[in-house]
Each structure stands twice: as C-alpha cells, then as structure tokens.
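Colleague: Give me a model of this one.
(one chain, ligands or ions: 1)
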Amino acid sequence: WTATRDKSCKLPMPKGSMGFPIIGETCHWFFQGAGFHASRRQKYGNVFKTHLLGRPLIRVTGAENVRKVLMGEHSLVTVDWPQSTSTLLGPNSLANSIGDIHRKRRKIFAKVFSHEALETYLPKIQQVIQETLRVWSSNPDPINVYQESQRLSFHMAVRVLLGFRVSEEEMHCLFSTFQDFVENVFSLPIDLPFSGYRKGIRARDSLQKSIEKAIREKPLHTQGKDYTDALDVLLESAKENNTELTMQELKESTIELIFAAFATTASASTSLIMQLLRHPAVLEKLREELRSCGLLHDGCLCQGELRLDSIISLKYLDCVIKEVLRLFAPVSGGYRIATQTFELDGVQVPKGWSVMYSIRDTHDTSAVFKDVEAFDPDRFSPERGEDREGRFHYLPFGGGVRSCLGKQLATLFLKLLAVELAGGSRFELATRTFPRLISVPVVHPTDGLRVKFFGLD
Ligand code: HEM
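Modeller: Model (predicted):
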C-alpha cells in the first residue's frame, strides 16, 4: 500500500494501524467482526486509518463526521467500492455510477419504489410471506431462521420484484449461485483458480446467463400503470426518461437490486423475529395495535386486502421496525473515496484515500439514544422521538444522494412480516439460549437462530 499523507496539509493523519503488507488488517477484520472496528475506535478515536480488502482506508464514526462525508458526495468524496464489489456488480450498476450518470439512473430507479408501485407489490409480498410462514409452521422441526429468511428475501426479489416465473428447481439453482456471488462480493481482488474473487466472477456470469434467459421469456406488462413487477416499472420509467436499457444494463440492474435486497432484508427479518421472541411484551403490544385497528379479530388476521396506507398508519409497528434497524443495522457502512484533502474531527483525510462511513458504530455510540443498548421501540414514539435530535444519528439506510433506494420497500416487507407474525403465527425459540450475533457481511446469528413455528390452531 502506498497511500500517504497530503504534505501540503498541516493537519495530522488519523491514528491507526495498517497491518501487514498487501492484506493489511483484512484477516483481523474477518475474525473479529464487529469487535474489530469497536476496538480500534476505542483505541484511536472516531476517525482512524486501517487497511482492508487490498487498500488503505479511513473509517469514520459519529453523526457529525458521517454527515460531512455523506453530504460531501461529489465535492469531498465519491463512491468507491472495494475492487471485488465494483467488478462483480459491473459498470452499469448504481453502485459504480457517479455524478450525472448516477443522478439519471437513480431517477429511472425511483419509480420502481414509488408509493404507487409499492401498492401493486403489496399483495404479492404478503402472499410470499404467508406461503413461507405456512411452510415453516408445517415443518415438524425447528427452522434455521437466518437461512430461511435469506430464501424468503430471495423469493421476494425474484418473484415479486422481477416477476420471474421459474420452476422450484431453477429457483433452487439460482439461489445457490446467488449465495456464491454474495459470499465473494467482498473478497481480496486476486483472480486465481479457487480464489473467492474467481468464484464470485463465475457466479456472476452464470447469474447473468440465467437472468437473460428469464428476461427474454418474461411476458412484459408495460402498458399503462397496471404494473406487475419492478422490472416492468423500470422499463416503463426508462422509456419515460427517453432511455432504452440494454440487455447488459438490465442484467446488471437486476443483480444489483437482488443483491441490495437479499442479505439486508434477511438480516433484518432475522433480527425482527429474534427481538419478538426476546420481548413478548412488544409482540403483545403489536397485537393490541392490530386489534385496535380492526386488523386482528378473535386471534386471526382479517382476510380483507391490506392497503399500503393502513400499514403506514400503524405507529407502534413503525417504532418496532425502526428499533430493530437501529440496534441491528444490517449494513455496517458505505465506501467512498476522497476527491480532495479535507478535515474531519481535527485530522486530515488525504485526497485518494478510501473512506468508510460507519452506520452501526454511529448508532451504538450516539448520545441521543437513551440506554443505547436496550431494545426500546417507544424511543421512536411521537412523545419521545429520540431520532428527531439529528438526522445522522439514525441512518440504517445511509443518507444523502446515495441513500437506500429500496428503503420503503424494505420497510414495507418487514412490516408485513411483523403483521403476519403477530397476527397469524405462534413461534418459540428452539434452543436454550439465544445465539451470538456476528456482523460480517451483515448482522446475523452464529447458528442461524433455531425457532419452532406452529401457526394458529
Ligand atoms: C443503498 C441499507 C434494502 C436497494 C443502501 C445503503 C444502505 C442500505 C445503508 C447506502 C450505502 C452507501 O451509502 O453506500 C439497506 C437496508 C435494507 C435495504 C438496511 C433492508 C433492511 C434494500 C432493498 C433494495 C435496496 C430491498 C431494493 C430492492 C438499494 C440500492 C442502493 C442502496 C439500489 C444504492 C443507491 C445508490 O447508490 O444510489 N441500502 N437497504 N435496498 N439500497 Fe438498500
């Protein structure tokens, strides 16, 4: 690694260790998980240097520091994923786009997550969740919740978002290839036989082939506003913006959407189920809210069609999902590169250095949250509103021009899952104690979280 300080700047470099040549501190990071950043933050402060995944990096924690990085997009920093992520997602992905191209692509994508589009996805998401919970409940053995939540979010993305009609066998194959892809998206960029990077490239090529076949065979419904899935909306939105998406762009966008939705939503779903198990009073309060809105009657969810507005109006449900995402933020942070030398917390961030802003550490160390480690959904209630203290203390979906595009969809999915769990399922922890959590690549329990689902009698 060759990145050095900017000698024209008087400010000191951030403190920290660069580890070993080439691999830096990558191995420490993999083995220590969340503890890696926490231990270095305690030792070196909110802005420290390290060396991960083949490059030097400045890691940034704290609302004010994160605000400066996120709001400095285009002026101080620009996007900069690790090389493996960048190559595997492809040049047409949002993640790899900058400036006007990013703005244009985001505008096309925005329609995919509009209120109107979400309303059309809602019944299908609900159906996928209900089918999944039925399968979980009919299994005499406990479910590995994390593993099955990954399958659930993958099904949601493939069937609901992309509208692919694939057989069970094809779905199984796609899922396993996709797992290979995800496992190697963050790998050392060493292209050798058997390296993670090579495995990721092979998985990407195979996915692109299957997706091209599915797109070509897919009936398209781009007439009027009768959307059936996000791919239809995407194509229509592109047309409205006078853009024709090429097959390569469609394939990369498709993989990016599934990638963005997959691990994040599975992680949050697992954390939600774990917190409902840990806190029966919260589950009961959710049921009470469903009863008071007429959605739960005699212990059964009312079968009538749920509307987006009725889900949005459930205030306690909103607090529960927000609190799950605060305490167990699936994404630990985002990568940028400094386009000019700038000051942060009294030290210099030299031009050309990678910067990673931290979400989880920022939540964990924020002074605006009382009893920061407690699971307390009411902190987000209108009376307490702890998140009102400042936008950048609470950022599970990032912030600024690159904030999560799928935020509303992810929230809707989690709310629908919570409604089904509170209204239509009985479930118990199948182990004596709750599993330990690890945070790489997203927060998840070490043994997957074993839970027995019973459904309703
Ligand atoms: C970006 C979190 C679900 C699509 C992001 C970012 C975060 C995030 C933190 C910003 C990363 C950065 O600053 O570099 C989450 C969480 C989710 C979730 C916690 C679930 C609980 C989804 C879903 C989709 C999605 C379901 C779409 C189907 C995207 C896209 C971007 C993004 C396309 C890139 C935006 C851009 O670069 O302009 N997400 N996400 N996310 N997310 Fe999500």
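Colleague: Got phi/psi on Lys15?
Modeller: Main-chain torsions, Lys15, degrees, to the nearest 10: phi -70, psi 170.
Colleague: moving C-terminal of the longest helix that the chain contains, what's the next helix or strand?
Modeller: The longest helix of the chain (DSSP state H) is helix 247-278. Remark: after helix 247-278, the chain's next helix or strand is helix 280-292, criterion DSSP states H and E.
Colleague: same question for that next one, mean pLDDT?
Modeller: The predicted model assigns helix 280-292 a mean pLDDT of 96.
Colleague: got it, and stretch 24-41?
Modeller: For stretch 24-41, mean pLDDT is 79.
Colleague: for stretch 345-355, same thing?
Modeller: Stretch 345-355 comes out with an average pLDDT of 94.
Colleague: re the thing from before, buried sites along the longest helix of the chain?
Modeller: Buried residues in helix 247-278, counted by 16 or more other Cβ atoms under 10 Å: 249-277. Any C-beta I mention is one placed from the backbone N, CA and C, and that applies to glycine too.
Colleague: Torsion angles phi and psi at the residue of the stretch 1-150 of the chain at minimum distance from the ligand?
Modeller: Closest to the ligand within the stretch 1-150 of the chain is Leu94: 4.2 Å, counting by Cβ to the nearest ligand atom. Dihedral angles of Leu94 (phi, psi; degrees, to the nearest 10) stand at phi -60, psi -40.
Colleague: Could you list the contact residues of the stretch 251-400 of the chain toward the ligand?
Modeller: 257, 260-261, 264-265, 268, 330-331, 334, 359, 396-398 (Cβ under 6 Å from any ligand atom).
Colleague: just curious, which of the residues you listed is nearest to Pro56?
Modeller: Of all those, Pro56 sits closest to Gly334, with 17.0 Å by Cβ to Cβ.
Colleague: so where do the strands sit in the stretch 251-400 of the chain?
Modeller: In the stretch 251-400 of the chain, the segments counted as strands under DSSP state E, counting those that start in this stretch are 296-297, 300-301, 333-338, 342-344, 347-349, 354-358.
Colleague: quick one on the thing from earlier: can you redo the residues of the stretch 251-400 of the chain next to the ligand as JSON lines with pLDDT?
Modeller: Shown next, in JSON lines, are those (pLDDT from 0 to 100):
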{"residue": "Leu257", "pLDDT": "92"}
{"residue": "Ala260", "pLDDT": "93"}
{"residue": "Ala261", "pLDDT": "94"}
{"residue": "Thr264", "pLDDT": "95"}
{"residue": "Thr265", "pLDDT": "97"}
{"residue": "Ala268", "pLDDT": "98"}
{"residue": "Pro330", "pLDDT": "95"}
{"residue": "Val331", "pLDDT": "93"}
{"residue": "Gly334", "pLDDT": "90"}
{"residue": "Ile359", "pLDDT": "96"}
{"residue": "Pro396", "pLDDT": "97"}
{"residue": "Phe397", "pLDDT": "97"}
{"residue": "Gly398", "pLDDT": "97"}
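Colleague: Just flag the most distant two among the residues you listed.
Modeller: Maximum pairwise distance among those (Cβ to Cβ): 20.4 Å, between Leu257 and Ile359.
Colleague: Could you pull out the buried residues of stretch 20-29?
Modeller: Gly24, Glu25, Thr26, His28, Trp29.
Colleague: again with stretch 178-194
Modeller: Residues of stretch 178-194 classed as buried: Phe178, Gln179, Asp180, Phe181, Val182, Asn184, Val185, Phe186, Ser187, Leu188, Pro189 (neighbour count, 16+ other Cβ under 10 Å).
Colleague: Tell me which helix or strand the residue nearest to His28 when sequence neighbours are not counted sits in.
Modeller: Of all residues beyond its chain neighbours, the one nearest His28 is Phe36 (5.8 Å), with distances taken as Cβ to Cβ, 6 or more residues apart in numbering. Assigned by DSSP H and E, Phe36 falls within helix 34-44.
Colleague: Pretty sure Thr120 sits against Asp232.
Modeller: No. If you go by Cβ atoms under 8 Å, Thr120 and Asp232 don't touch, sitting 9.4 Å apart.
Colleague: quick one: which of those two has more around it?
Modeller: Legend: neighbour count by other Cβ atoms under 10 Å for Thr120 and Asp232, higher for Asp232 (22 against 19).
Colleague: which ones are touching Ile211?
Modeller: Listed by Cβ atoms under 8 Å, 6 or more residues apart in numbering, the contact partners of Ile211 are Leu250, Lys251, Thr254, Ile255.
Colleague: Could you check which residue of the stretch 351-457 of the chain lies nearest the ligand?
Modeller: Going by Cβ to the nearest ligand atom, the ligand is nearest to Gly406 of the stretch 351-457 of the chain, at 2.1 Å.
Colleague: Low-confidence ranges, the stretch 301-450 of the chain, go.
Modeller: 303 (pLDDT under 70).
Colleague: For Pro396, see how far away the most centrally placed residue in the chain is.
Modeller: Central residue of the chain (Cα atoms, centre = their mean): Thr264, 3.1 Å from the mean position. For Thr264, the distance to Pro396 equals 9 Å [Cβ to Cβ, to the nearest Å].
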